[in-house]
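Q: coordinates only, sequence not included:
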């Protein structure tokens, strides 16, 4: 096949309907690495109504890259190649694409200067081989890389478009967002796919399925119809809703109605309807109420604090955390009485409560969280096997919740699920406190709370 | 291209050297699902000395599956298709493969009976559409599915082999293991692939490349030759070495020699030659020296502690961590003098040192680590922009190191790189302490250390 799909076709502004993604990198053909960039890109492309038809991974090898590019160009409107734009000998994407399209490569002095400045800002001299990254196929548009040295490239070929994006996700994602806001968005059609991610805690996948199946099965007959996917992740279940319509408002509107139907069934177990993470939801609840948070962690080893401080602006609500791995440090740093540990064991409700109260008191916070448990692989017993975790939340005001869990999986899964459990228990405590402190709004102040924490 | 690679070639017992994997399923083309089966399969194939040259994902669509199969067959010895073997209308793999190879599909009564029995065991009647799963292309070998209804299929085509495997990992994996032990193992050559992952800190990708390129370029001429890939990740550079040789011992031996050559050039910047993470390396160093560790973190928000406690058995060396986000908690929990913060600012060498010393003292640990910085997006200034981080390590013994960094990227990248910097500074302090406490082994006790920490 000589020149598949590379011929110029009139009408450069025909909308881009389909795409293929080609990930370049021999490491992506090992047993250790997956191409995850394609997930991010697919989300953005779907948002523009562009469908991904095929994904290919090839190694750092000229024939493989060229063959994948030519095949994709013959089949589809938009080809995105990721990776292989680095400064080293085995970064071949730029050269192979230029060669396949018959375009000369020329050094772009502005790009070289930008790379040189990037090194200089870190008190480093640009190595000569980084000049490779400034080579641009004639006619290509240079895409700024705000987080790295490799610029992206946009090449138009008749009504088709070819994008070369850097492999590191932190460099690729802002570049893709700029493309969506700019040249890619303006070449997409009017049709839009709207997508919504709902997140649920406190129920298993089958229980979520049983609750929502009668609802979403009706949605297939709606105009536009809604596609529903249920995905289980450790500590949470996700519902992905997708609707394709003539414009964003129609697609978004139908998902709004669908989300309200699910919220009515799932109640407080539904914690996010806009893709926000559990730590973001907790952060927003704290900020809205002007409450501060302190954490005393044992088995999660700092993961709860680290997730809370992943939230931008978390210094407004998160003030203090202690990782008290040894019994001595539980006592010294958080005032957990040594006799409580001796009497009940380090993994027990009294110790979880003492950790929560100690963190709250020593951090002078409104809410304290305590986590203790056995992450494994060692430390388990017949009575308290690996995966046994106890979590307590002290506050706000006089509130106190404590709960025992038994999490499946290995060390990292137990740590993750325990951090999820801790954040969720805080969330429910904050929701409960609304009912407690606003009795005037509740007809029967002593009626059971809407948000009884599970025990 | 009419019938690419499908022609019968004499010599059906030539060893299989290369493979492609085609994953079938429209859900794998959404933003939410990755094909992870290919990692498992790649591990098993590499173990047999079979190299994976390309991976493709196509949707549940006839033209896409057929085109991917035909392309793969033209290029490679072994094609593995995963998924699309279910009982529903959109499960097309079986039919499309039979059609592309010109093989009639016939119902295999034994397979039907097996599926029927599977349903009966659960007190269920086999739905009629499950008979689709008993359709077998003429001449194909049926592969037993111990965990599901869809059998796998093995088709030999001249010297090439085509495998159809079910998509669910629990069904695919035992089937692949049986193939490795049986027909796939006996068709593989004696040749074996060995692989090694080396990890480096303290140098950029280009600087690693400059140092090692003269070495690894010679390896291509070795017998067996070594393939080298350099990968940049935030805070570390990876070198992947691969050698294919006549047997496992020869392949492993040549990588051992290559690793020693790199170690000589990279010195203390090379921290792992067996795939271990930085936290595992730090954990092992602590354990080997009987030293304990305490952490005082600000901008990393618990991430350093969380990474250290990801190491199984970390309670042997990690005892105590404090996440002191506010200035008050830095003073209250770790004894950082308020005047030091006022005088130098929270992000400064004196505060980093006070955090490290406070963590060490209050945790009664041998080594204390302090991290302070600006993770962003807010909090930066012209003098101390987002990404400014200062890290200090106090101990072991009288050792003290402190270093300022300027990390690129957003909040999570800064957090990650700062945690990487902190773990690396601990690692170098522990290595240095060997020199300090074992002067008898060093000819000139006052000569500069082998492991001078960069400053």
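A: Good, I have the coordinates. Keep in mind it's a predicted model, so treat the numbers as computed, not measured.

Q: what is the distance between stretch A:84-99 and the centre of its chain?
A: In terms of CA atoms, centre = their mean, to the nearest Å, the centre of stretch A:84-99 is set 29 Å apart from its chain centre.

Q: with stretch A:176-190 instead?
A: Centre-to-centre, stretch A:176-190 and its host chain are 22 Å apart (CA atoms, centre = their mean).

Q: hmm, it touching chain B?
A: No: Stretch A:176-190 stays out of contact with chain B when judged by CB under 8 Å from any CB of the partner chain, the minimum separation being 12.2 Å. (C-beta placed from N, C-alpha, C; glycine too.)

Q: start to end distance for that stretch?
A: Terminal residues of stretch A:176-190 lie 19 Å apart, using CA to CA, to the nearest Å.

Q: pull out the buried positions in it.
A: Within stretch A:176-190, the residues that count as buried by 16 or more other CB atoms under 10 Å in any protein chain shown are A:176, A:178, A:179, A:180, A:184, A:187, A:188.

Q: got these as a markdown table, with secondary structure and pLDDT columns?
A: Conversion of the buried residues of stretch A:176-190 to a markdown table gives the following (DSSP: H, G, I helix; E, B strand; the rest coil; pLDDT from 0 to 100):
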| residue | secondary structure | pLDDT |
| --- | --- | --- |
| A:176 | helix | 96 |
| A:178 | helix | 96 |
| A:179 | helix | 96 |
| A:180 | helix | 93 |
| A:184 | helix | 93 |
| A:187 | helix | 88 |
| A:188 | strand | 84 |
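
Q: what's the closest of the residues you listed to residue A:139?
A: For the buried residues of stretch A:176-190, the residue nearest residue A:139 by CB to CB is residue A:187; the value is 16.5 Å.

Q: against residue A:250, how distant is the closest residue to that closest one other than its chain neighbours?
A: Nearest-residue entry for residue A:187: residue A:16, 5.0 Å, with adjacent residues in sequence omitted and distances by CB to CB, 6 or more residues apart in numbering or on different chains. Plainly put, residue A:16 is 21 Å away from residue A:250 if you go by CB to CB, to the nearest Å.

Q: do the same with residue A:376
A: As for residue A:376, its distance to residue A:250 is 50 Å (criterion: CB to CB).

Q: comparing those two, which shows the higher neighbour count?
A: residue A:376 (21 against 16; other CB atoms under 10 Å in any protein chain shown).

Q: and residue A:137, its phi and psi?
A: Per-residue torsions, residue A:137: phi -60, psi 140 (degrees, to the nearest 10).

Q: who does it bridge with?
A: Residue A:137 has the following beta-bridge partners by DSSP bridges: residue A:105.

Q: how many residues are close by it?
A: With other CB under 10 Å as criterion, residue A:137 counts 20.

Q: the helix or strand containing residue A:239 near chain B anywhere?
A: Secondary structure assignment for residue A:239, by DSSP states H and E: strand A:236-245. Yes: figure legend: strand A:236-245 in contact with chain B (CB under 8 Å from any CB); contacting residues A:238, A:240.

Q: next one: that strand to chain centre, how far?
A: Here the centre of strand A:236-245 is set off from its chain's centre by 15 Å, with CA atoms, centre = their mean.

Q: now do whatever helix or strand residue A:44 lives in and strand A:236-245, the angle between them.
A: Secondary structure here is read from DSSP H and E; on that basis residue A:44 sits in helix A:37-47. Interaxial angle of helix A:37-47 relative to strand A:236-245 (axes from the mean of the first three to the mean of the last three CA atoms, to 10 degrees): 40 degrees.

Q: may I see the buried residues of helix A:37-47?
A: By neighbour count with 16+ other CB under 10 Å, helix A:37-47 contains the buried residues A:37, A:38, A:39, A:40, A:41, A:42, A:43, A:44, A:45, A:46, A:47.

Q: Provide a list of residues in contact with residue A:172.
A: Residues near residue A:172 by CB atoms under 8 Å, 6 or more residues apart in numbering or on different chains: A:37, A:40, A:41, A:82, A:165, A:166.

Q: for the third one, give me its contacts.
A: Spelled out, that is residue A:41. Residue A:41 makes contact with A:21, A:52, A:80, A:82, A:165, A:172, A:176, according to CB under 8 Å, 6+ apart.

Q: repeat that for residue A:334.
A: By CB under 8 Å, 6+ apart, the contact list for residue A:334 reads A:296, A:322, A:324, A:354, A:355, A:358, A:359, A:362.

Q: confirm the first one sits in a strand?
A: This means residue A:296. Yes: residue state for residue A:296 (DSSP: H, G, I helix; E, B strand; the rest coil) corresponds to a strand.

Q: dump the residue contacts of it.
A: Residue A:296 makes contact with A:321-322, A:324, A:330, A:334, A:355-356, A:358-359, A:368-371, according to CB under 8 Å, 6+ apart.

Q: in strands, which of the residues you listed appear?
A: For those, membership in strands holds for A:321, A:322, A:324, A:368, A:369, A:370, A:371, with DSSP state E as the criterion.

Q: count the neighbours of the second one for me.
A: So that's residue A:322. Applying the criterion other CB under 10 Å, we find 32 residues in the vicinity of residue A:322.

Q: kindly report the same for the fourth one.
A: A total of 30 residues lie near residue A:368 under the criterion other CB under 10 Å.

Q: can you tell me how far the nearest residue to it once chain neighbours are set aside sits from residue A:394?
A: With sequence-adjacent residues excluded and distances taken as CB to CB, 6+ apart, residue A:368 is closest to residue A:360, at 2.7 Å. Counting by CB to CB, the gap between residue A:360 and residue A:394 amounts to 5 Å.

Q: hmm, back to that, pLDDT score assigned to the residue nearest to residue A:187?
A: We note a pLDDT of 90 for residue A:16 in this prediction.

Q: what sits against residue A:155?
A: With contact taken as CB under 8 Å, 6+ apart, residue A:155 is in contact with A:97, A:101, A:103, A:137, A:139, A:140, A:141, A:161, A:162, A:163, A:164.

Q: ok, now residue A:216?
A: Residue A:216 sits next to A:226, A:228, A:258 when contact means CB under 8 Å, 6+ apart.

Q: phi first, then psi, for it.
A: Reported as degrees, to the nearest 10, the phi and psi values for residue A:216 are phi -70, psi -20.

Q: what's the local residue count around residue A:156?
A: 15.

Q: beyond the helix or strand harbouring it, next helix or strand please.
A: Remark: residue A:156 resides in strand A:152-157, with elements defined by DSSP H and E. Using DSSP H and E, the next helix or strand after strand A:152-157 towards the C-terminus is strand A:160-165.

Q: that next one near chain B anywhere?
A: No: against chain B, strand A:160-165 shows no contacts by CB under 8 Å from any CB, the least distance being 15.3 Å.

Q: contacting residues for the closest residue to residue A:220 other than its chain neighbours?
A: Using CB to CB, 6+ apart and skipping residues adjacent in sequence, the residue nearest residue A:220 is residue A:226, 7.3 Å away. Applying CB under 8 Å, 6+ apart, one finds that residue A:226 lies in contact with A:216, A:219, A:220, A:241, A:242, A:243, A:254, A:255, A:258.

Q: repeat that for 7 Å
A: Residues near residue A:226 by CB atoms under 7 Å, 6 or more residues apart in numbering or on different chains: A:216, A:219, A:241, A:242, A:243, A:254, A:255, A:258.

Q: can you give me the strands in the stretch 201-350 of chain A?
A: A:226-233, A:236-245, A:270-272, A:293-297, A:318-324 (DSSP state E, counting those that start in this stretch).

Q: by mean pLDDT, which helix or strand of chain A comes out lowest?
A: Comparing every helix and strand of chain A by mean pLDDT, DSSP states H and E singles out strand A:226-233 as the least confident one, with a mean of 78.

Q: what angle do strand A:236-245 and that strand make with each other?
A: What separates the directions of strand A:226-233 and strand A:236-245 is an angle of 160 degrees, with the same axes, to 10 degrees.

Q: and stretch A:369-383, how far apart are its ends?
A: The distance separating the two terminal residues of stretch A:369-383, taken as CA to CA, comes to 24 Å.

Q: buried ones in it?
A: Along stretch A:369-383, these residues count as buried under the neighbour rule (16+ other CB under 10 Å): A:369, A:370, A:371, A:372, A:373, A:374, A:375, A:376, A:379.
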